[in-house]
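**Q** Everything below, folded, please.
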Amino acid sequence: MADKETVIKGVRAAFEREREINLHRYPIRMDYRDGDLTLEGEVKSVAAKKLAMELAIAVPGVSIIVDRLRVEPAVRMGDGAILDAVRDALIEETVLQNCALRVKSKGQSELVREALLEPSGSIEISVEDGVVLLDDRVTNLIQKRLAGVLAWWVPGSRDVINGVEVDPPEVDRDDLVTEAVRVVLEKDRFVHADHIRVSVKNYVVTLDGVARTETEKRMAENDAWYVFGVDKVVNHLTVQR
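**A** Below is the predicted model of the structure:
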């Protein structure tokens, strides 16, 4: 078993080589015991969070990651406000009309909408310290992924734990990830989705095409990172002013 100092030094070196991870502005605290590496702190983006996990698990001696990383929110919001915003976003989403929606607060679960279509599913939403937890079951992977992205889009969300199960089970594939990313880009009113091509290989998303601004280019990349199961995003979008 590798020693603690060597493992943490190796993880830190990997983080310092990754431009998305800024340890000076966003320090990450680490602890290592018997193969388990705990990562704790606030990072600037979901990209930084996912890349930190990927880089850390590749370091010799690390077998399990205990994820306590949170993303710096665009706006600081209380848990109640985040819960209300996620609830409203899921209620308004037509793809989720066959899902009953529940909110859980202070240990009490409340039904806020019955399923409107069959076959039906159910999503329970709770929030603790800015972290959104989605639970229960849906009928397909696109619903699971879209619910997660809608939760990420709430500006106060610091993390989204997508524990929603798919029933009946659905075998995941790159083409299903491609479909989900395309749906998300089309729903983002700040992104010109018609000008963006999406391809996926082994859960790595590549974006090609044009964006109108650097902000739009970055937002399209973030949208892809938000999709459940995406391991990496390669942004080849060019800015066409």
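**Q** Tell me where the model's unsure across this protein.
**A** Scanning the chain for pLDDT under 70 picks out the ranges 1.
**Q** tell me which residues in the host helix or strand of Asp88 are buried?
**A** Assignment of secondary structure by DSSP states H and E places Asp88 within helix 79-92. In terms of neighbour count (16 or more other Cβ atoms under 10 Å), helix 79-92 has its buried residues at Asp79, Ile82, Leu83, Asp84, Ala85, Val86, Arg87, Ala89, Leu90. Where C-beta positions appear, they are placed from N, C-alpha and C, glycine not excepted.
**Q** so can I have a markdown table of these showing distance to Glu54?
**A** Formatted as a markdown table, those follow (distance: Cβ to Cβ, whole Å):
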| residue | distance to Glu54 |
| --- | --- |
| Asp79 | 29 |
| Ile82 | 27 |
| Leu83 | 30 |
| Asp84 | 33 |
| Ala85 | 29 |
| Val86 | 26 |
| Arg87 | 31 |
| Ala89 | 28 |
| Leu90 | 29 |
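**Q** Do a quick rundown of the strands in this structure.
**A** Taking DSSP state E as the criterion, the chain contains strands spanning 29-33, 36-43, 64-71, 99-105, 108-113, 121-128, 131-138, 159-162, 165-166, 196-201, 204-211, 232-235, 238-239.
**Q** other SSEs contacting the second one?
**A** This points to strand 36-43. Counting contacts by 3 or more Cβ pairs under 8 Å, 6 or more residues apart in numbering; DSSP states H and E, strand 36-43 packs against strand 29-33, helix 46-57, strand 64-71.
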